[in-house]
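J.: sharing a model prediction with you, sequence too.
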Amino acid sequence: MPSPQTLNHIRPHQSLNQHQRGVGFLNFIVLIIVVCAVAVIGMKVFPTFVEYRAIMGAVKKAQAGGGGVVEIQKAFDRSAAIDNIDAITGKELDITRVNDEVVVSFAYTKKIPLVEPVSLVIDYKGNNKGL
């Protein structure tokens with residue numbers, strides 16, 4: 001049997017759930033700010049990734065068309081005009097032969113301004129072989 005002093009410390013209306021608390025207001029605000037920052041960065045990066053995928057497709061299509069260096073460059077430029085690619089041109093493609101196969105590769109840098117003194121720089125590179 002508990003002593004009378006112990007009974008004075010137990011309040012019948014106090015439940016165990018009163019000590020559990022959810023996310024505080026300031027923590028919620030910080031969470032919202034972080035989620036918004038990630039969303040803004042994602043919205044700025046996504047179009048560059050879409051352009052990179054379009055470049056990969058144009059490179060594969062240009063190489064599949066066959067021909068020499070000039071023909072591959074012109075085929076890429078035609079695809080670039082259709083897909084609205086402005087990051088690189090056909091003249092910037094690196095076209096080489098490896099084991100009697102034509103390898104068309106590219107590399108470029110995309111600078112994405114975030115907030116006035118801060119930018120995100122992404123280096124994209126690839127080739128028609130997916131290496």
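T.: Perfect, I can see it now.

J.: sheet partners, orientation included, of whichever strand in the chain runs longest?
T.: Counting residues, the longest strand found in the chain (DSSP state E) is strand 101-115. Partner strands for strand 101-115, per DSSP bridges, with pairing direction: strand 94-98 (antiparallel), strand 118-127 (antiparallel).

J.: mean confidence score for the longest helix along the chain?
T.: As assigned by DSSP state H, the longest helix anywhere in the chain is helix 25-64. In this model, helix 25-64 has an average pLDDT of 93.

J.: other residues contacting the next helix or strand after that helix?
T.: On the C-terminal side of helix 25-64, the nearest following helix or strand under DSSP states H and E is helix 69-83. Helix 69-83 is touched from outside by 54-55, 57-59, 61-63, 65, 67, 85-86, 88-91, 93, 95, 102, 104, with contacts defined as Cβ atoms under 8 Å, 6 or more residues apart in numbering. C-beta: built from backbone N, CA, C; applies to glycine.

J.: out of these, which end up buried?
T.: Neighbour-count burial (16 or more other Cβ atoms under 10 Å) is assigned, among the contacts of helix 69-83, to 54-55, 58-59, 61-63, 85, 88, 90, 93, 95, 102, 104.

J.: out of the residues you listed, who's nearest Ile29?
T.: Ala54 (38.7 Å; Cβ to Cβ).

J.: I figured the closest one hits Ala87, correct?
T.: No: Ala54 lies out of contact with Ala87 (Cβ atoms under 8 Å); the separation is 9.2 Å.

J.: any chance of the strands paired with strand 101-115 in a markdown table, plus distance to Val40 and mean pLDDT?
T.: Compiled in a markdown table, the strands paired with strand 101-115 are given as follows (distance: least, Cβ to Cβ, whole Å; pLDDT from 0 to 100):
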| stretch | distance to Val40 | mean pLDDT |
| --- | --- | --- |
| strand 94-98 | 34 | 88 |
| strand 118-127 | 11 | 94 |
